[in-house]
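*Asks:* What follows is a predicted structure for the sequence shown.
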Amino acid sequence: MSALSDYLEVEILDHILSVAAYTMPSTIYVGLSTASFADNNSGTELSGSGYARQAITFAAASSGSSASNATVTFPTATGSWGSCSHWGIFDASSSGNLLVHGSFTAAKTVGTGDILRINSGDITVTAA
C-alpha cells in the first residue's frame, strides 16, 4: 500500500489546475524507517550507522500503478538499523520532500554488517 505525501498532493493539484507548474525531480531516492513516514512526513527516517538514501527507478505506470524496476542496494550497516518496515520516496538524497510512502510486506531487521536490498518490483506505487 502506498500514499502520496501532502506535499505531492498539493503540487499535483496546482499543476493539473494550471495554478503552478510541477517540475519532476531528475532522480528520486528511497529512504527507510521503522514506522510510517505519514502523509506529512512526520515519521523518523533512519540515520547514522552507514545509512543513506539510495536512488530508485520505476517502470512506466500501467492500470494505475508503477513498480520499482531495479534492485536497490543500501550500504553495509555499521550499526543496527532496527526493524525496517516502511519506505519513502524523496526528491533529494538528503532533506528534500517526501513524495510517496508505504510499507514493506514484511519488516527486515538490519544489524551490524548487514546489507539491505530491495528487489525489483518490491515497491509499488498506486494512484487511488
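*Replies:* The structure has been received and is ready for your questions.

*Asks:* Now stretch 86-101: buried residues?
*Replies:* Buried residues in stretch 86-101, counting neighbours by 16 or more other Cβ atoms under 10 Å, are found at 86-91, 96, 98-101. In short, each C-beta sits where N, CA and C put it, glycine included.

*Asks:* Pull the residues that contact it.
*Replies:* Outside stretch 86-101, the residues within contact range by Cβ atoms under 8 Å, 6 or more residues apart in numbering are 2-5, 7-8, 25, 27-39, 41, 43, 45, 52-53, 55-56, 102-104, 118, 123, 125.

*Asks:* And stretch 54-73, by the same measure?
*Replies:* 27-30, 74, 89, 93, 115-128.

*Asks:* What subset of those is buried?
*Replies:* In the contacts of stretch 54-73, the ones that pass as buried (16+ other Cβ under 10 Å) are 28-30, 74, 89, 116, 118, 123, 125-126.

*Asks:* Right, I'll leave it there.
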